[in-house]
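Participant: From the sequence below, what's the structure:
(one chain, ligands or ions: 2)
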Amino acid sequence: MLIERSTATPAALTSELYIGLMSGTSLDGIDGVLADFSGGRMVVSHHASAPFTPELRAELLALNTPGSDELHRAALAGSGLARAYASVVHSLLERSGLAPQAIRAIGAHGQTVRHRPQEFDGTGYTLQLNNPALLAERTGIAVVADFRNRDVAAGGQGAPLVPAFHRGVFGRAGETMLVLNIGGISNLSVLGADGQVRGFDCGPGNALMDHWCQLHTGQPYDAAGAWAANGQVLPELLALLRQEPFLHKPPPKSTGRDLFNPAWLSSRLKAFAVCAPQDIQATLTEFTALACADDARRHGAGAQTLAVCGGGALNTHLMARLQAACPGLQVVATDTLGLPALQVEAAAFAWLARQAIEGLPGNLASVTGAAGERILGALYPA
Ligand SMILES: Nc1ncnc2c1ncn2[C@@H]1O[C@H](COP(=O)(O)OP(=O)(O)OP(=O)(O)O)[C@@H](O)[C@H]1O
Ligand SMILES: CC(=O)N[C@H]1[C@@H]2OC[C@@H](O2)[C@@H](O)[C@@H]1O[C@H](C)C(=O)O
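Facilitator: Ligands and ions are numbered 1, 2, ... in the order given. Next comes the predicted model:
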């Protein structure tokens, strides 16, 4: 039998440079980072982002709800996403002056279009559209993708996956820290003083606010929350929104656009049709802040700091409402702790790719409820 030698370049095999790519439930576009893990710590050297084209965004959004010809459309959308990912990778290579061979691997999250991990009699699923083979082909770099399904197969939620990364970057010995990601959906990591980590999705992040803002102002999001800040919170609507059972479920739990979507909102707005859209926006912002704050208070005993990442950290009004609802905590953006809010999730997927390449687990059973820690992701070689 002829045993062949690997033709992979030694540079790629020893490199500690990884690229992380994230396109999340806000569906605003792609964030990518180039991260260096040499020397036992992570340094993000470059960040690039790219909005989705209106066509790709519309199709990815449409694929979140059942429709016709889904298999064909999902395949095309996955390839469209991979091409957009490749152009973010090319920007990172150009900015850093590096050749593809210098990068060990790309961690590419894909686009979540369904997330039903625990339904269907224990055979639930989570679906991230992607075309990792095309991404590897277009970049000449190995790709790690499909990070969530192994955790789901082990009985877990498949999300959130970032708490282990949050521990590595933001954890402080002997101190309880809270890290809140406000993307389309929001998720909280509780980094215990004793090293224990808990984490779960809190509920909506920007998804409902973005939808309402787009509908009534034509803008993709409420910049700095200025529109909401000049509206009046509607107490009855707020109370109705806060009745949502997901918010009161104990962890482990995760959610997505499967639940917090325009249909969910419409059904709750029926009795409020005469209200000013700006007041609805103020109420949605308050609802989002309270969904996060309730969890921070409920699960964050002993913590002094709530570090916020994701695009929600740029919503000044939302951050002020969060601070008002958590008087015992200092609410800060993760920028103040060394990692800019918009880079955290992409950096997490660079880290998850490295974990996979090194044969190390990516999930935390204490977070997702999986039967144990697992190596996450599938490898598409360069
Ligand atoms: N200047 C700003 N003012 C207010 N909101 C902002 C601003 N910039 C970004 N955002 C919000 O952040 C969102 C994008 O956040 P982010 O990139 O973290 O989302 P995501 O990648 O979809 O996250 P996730 O995977 O956690 O759902 C936008 O849709 C918008 O709602
Ligand atoms: C299924 C899915 O895509 N979940 C996302 C989503 O966006 C925020 C929240 O819901 C979180 O659970 C998760 O993303 C981050 C990156 C995570 O897995 O930790």
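Participant: Around ligand 1, pick out the residues from this protein.
Facilitator: 22, 24-26, 28, 31, 181, 183-185, 205-206, 210, 221-225, 310-312, 314-315, 345 (CB under 6 Å from any ligand atom). C-betas here are computed from N, CA, C, even on glycine.
Participant: can we see that at 5 Å?
Facilitator: Neighbours of ligand 1 within the chain, by CB under 5 Å from any ligand atom: 24-26, 28, 183-184, 206, 210, 221, 223-224, 310-311, 314-315.
Participant: now, which of the residues you listed lie within strands?
Facilitator: Among the residues of the chain next to ligand 1, DSSP state E puts none in strands.
Participant: how's this protein carved up into domains?
Facilitator: 16-158+343-380, 163-341 (automatic domain parsing).
Participant: Let's see the distance spanning the last one from one end to the other.
Facilitator: From the first residue to the last, domain 163-341 extends over 15 Å; the measure is CA to CA, to the nearest Å.
Participant: And stretch 48-59, by the same measure?
Facilitator: 23 Å.
Participant: Over to stretch 197-211?
Facilitator: For stretch 197-211, the first-to-last residue distance is 32 Å (CA to CA).
Participant: Give the burial count for residue 79, as a bare number.
Facilitator: 16 (other CB atoms under 10 Å).
Participant: centre of the chain versus whichever helix or strand residue 94 is part of, how much separation?
Facilitator: Per DSSP states H and E, residue 94 falls inside helix 70-96. Remark: helix 70-96 is offset 17 Å from the chain centroid, using CA atoms, centre = their mean, to the nearest Å.
Participant: Remind me what the helix or strand following it packs against, helices and strands.
Facilitator: Moving toward the C-terminus from helix 70-96, the next helix or strand (DSSP H and E) is strand 105-108. Packing partners of strand 105-108 (3 or more CB pairs under 8 Å, 6 or more residues apart in numbering; DSSP states H and E): strand 17-22, helix 70-96, helix 132-139, strand 143-145, helix 344-357.
Participant: For those, could you give me TSV that also reports mean pLDDT?
Facilitator: Shown next, in TSV, are the helices and strands packed on strand 105-108 (pLDDT from 0 to 100):
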stretch	mean pLDDT
strand 17-22	98
helix 70-96	98
helix 132-139	98
strand 143-145	98
helix 344-357	98
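Participant: got JSON lines for these, with distance to ligand 2 too?
Facilitator: Formatted as JSON lines, the helices and strands packed on strand 105-108 follow (distance: least, CB to the nearest ligand atom, whole Å):
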{"stretch": "strand 17-22", "distance to ligand 2": "7"}
{"stretch": "helix 70-96", "distance to ligand 2": "13"}
{"stretch": "helix 132-139", "distance to ligand 2": "16"}
{"stretch": "strand 143-145", "distance to ligand 2": "13"}
{"stretch": "helix 344-357", "distance to ligand 2": "5"}
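Participant: Same list (these) but as JSON lines, adding distance to residue 376.
Facilitator: Output for these, formatted as JSON lines (distance: least, CB to CB, whole Å):
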{"stretch": "strand 17-22", "distance to residue 376": "13"}
{"stretch": "helix 70-96", "distance to residue 376": "18"}
{"stretch": "helix 132-139", "distance to residue 376": "14"}
{"stretch": "strand 143-145", "distance to residue 376": "8"}
{"stretch": "helix 344-357", "distance to residue 376": "6"}
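Participant: and residue 374, which of these is closest to it?
Facilitator: helix 344-357 (10.2 Å; CB to CB).
Participant: Show me what the closest one is packed against.
Facilitator: Helix 344-357 packs on strand 17-22, strand 29-36, strand 105-108, strand 143-145, helix 163-170, going by 3+ CB pairs under 8 Å, 6+ apart.
Participant: Whichever helix or strand comes after it near ligand 2 anywhere?
Facilitator: Scanning forward in sequence from helix 344-357 by DSSP H and E, the next helix or strand is helix 365-368. No - contact of helix 365-368 with ligand 2 (CB under 5 Å from any ligand atom) is absent, the minimum separation being 8.7 Å.
Participant: Give me the next element, helix or strand, following helix 365-368.
Facilitator: Assigned by DSSP H and E, the successor of helix 365-368 is strand 378-380.
Participant: need the residues of the stretch 151-300 of the chain near ligand 2, please.
Facilitator: So the stretch 151-300 of the chain meets ligand 2 at 159-162, 183, 185, 187, 201, 254 (CB under 5 Å from any ligand atom).
Participant: Now do the same contact list for the residue of the chain found nearest ligand 2.
Facilitator: Ligand 2 sits closest to residue 160 of the chain, with a gap of 3.0 Å, by CB to the nearest ligand atom. By CB atoms under 8 Å, 6 or more residues apart in numbering, the contact list for residue 160 reads 181, 187, 189, 199-201, 254, 367-368.
Participant: can you pull the pLDDT of it?
Facilitator: We have a pLDDT of 98 for residue 160.
Participant: I'd like to know how far it sits from residue 222.
Facilitator: 24 Å (CB to CB, to the nearest Å).
Participant: and the residues of the stretch 151-300 of the chain next to ligand 2 as CSV, adding distance to residue 330?
Facilitator: Below are these laid out as CSV (distance: CB to CB, whole Å):
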residue, distance to residue 330
159, 27
160, 23
161, 26
162, 21
183, 22
185, 24
187, 20
201, 23
254, 27
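Participant: now, among those residues, which is nearest to residue 116?
Facilitator: residue 254 (10.1 Å).
Participant: I'd say that closest one and residue 156 touch.
Facilitator: No - under the criterion of CB atoms under 8 Å, residue 254 makes no contact with residue 156, lying 9.1 Å away.
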